[in-house]
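# Next come a sequence and a model predicted from it.
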Amino acid sequence: MNSAGMRCTQRKNNDMKMDASVFPDLDALSRAALGELLVILRAAVRDRGRFAIALAGGNTPAGLYRLWAEPQTAAGIPWDRVHFFYGDERYVPPDDPLSNYRMTRETLISQVPIPAANVHPVPTTLRPAEKAAEAYEAELRKFFADASTSGAPAFDLQLLGLGTEGHTLSLFPGSPVLEETQRWVAAVEVAAKPPQRVTLTPVVANQARHTFFLVSGKDKREIVEALRSEPEGQPSRYPAARIRPAGGVLWFFDQSAAG
């Protein structure tokens, strides 16, 4: 772990266990997460010949993407073996300022020599949103062909964020998609802007080999405390707490979020 951060397992009484690292600011958080990501990337390429990552949108992971694109880091990446997918996407055109794809294109994709065929955006130009979700699931089933008959695919790494009400991906509290057991991708309407989204379901999110939650900002402190205080052994009302793949979850907090 980067010396700028502190790794600790945080628990209060019978609270939900978090394997959490706290960093003084977002830059330190991003550098530590990138270091862990690169270790996972190299191991995946060595062991399975490729690295498949589900990228996150929002402001917090953008710093990690910019660091990843820096020449001294990008030069050591076997980009022909790297595949970018998206955990969720706003149902807007790919050049819209709210598009997760646009953000990752500007901060990372356009800055590195990754083959165009290795970038797998959600096809938000398809209408309606349900059609885009179906097409993205078909893309996943094609790429993870070995998983299509045995179960859901396992991303080598998924990056996740945390909303102030406890959502992650585009899985918001009370969403019926939280109970999904078959579909890999779903179109949803949420209480946020824009309301229409396409998201991975827990069927996929709970299969990832590695999962990073990247959480920054003082506005996240209340929900972080709520997650810490939840008793184990009961279904959580917070979608983020329901993402518990067997590979485990690492939480990266900046000091403002950790409190």
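Arrived safely, thanks for sending. These numbers were taken from a predicted model, which means no experiment stands behind them.
# all helices for this protein, in order.
Assigned helices in the chain, in chain order: 26-48, 60-68, 71-74, 100-107, 129-143, 202-205, 221-229, 255-258 (criterion: DSSP state H).
# Quick check: which of those is buried the most?
Highest mean neighbour count of those: helix 202-205, a mean of 23 (counted as mean count of other CB atoms under 10 Å). In this view, the C-beta of every residue, glycine as well, is placed from N, C-alpha and C.
# which residues sit against that helix?
For helix 202-205, the surrounding residues in contact (CB atoms under 8 Å, 6 or more residues apart in numbering) are 87, 140, 152-153, 155, 158, 160, 169, 171, 177-178, 180-185, 211, 242-243, 245.
# Next: stretch 29-36.
1-2, 4-5, 21, 23, 60-61, 63-64, 66-68, 73, 212, 214, 216, 250, 252-254.
# what about 7 Å?
Outside stretch 29-36, the residues that touch it by CB atoms under 7 Å, 6 or more residues apart in numbering are 1-2, 5, 21, 23, 63-64, 67-68, 212, 214, 216, 250, 252, 254.
# Among those, the buried ones, what's the PyMOL command?
Buried subset of these, written as a PyMOL selection, criterion 16 or more other CB atoms under 10 Å:
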select buried, resi 2+5+21+23+63+64+67+68+212+214+216+250+252+254
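# By pLDDT, give me the weakest of the contacts of stretch 29-36.
For those, the minimum pLDDT belongs to residue 2; the value there is 42.
# Helix or strand with the lowest mean pLDDT in the chain?
The helix or strand of the chain with the poorest confidence is strand 6-10; it has a mean of 46 (mean pLDDT, DSSP states H and E).
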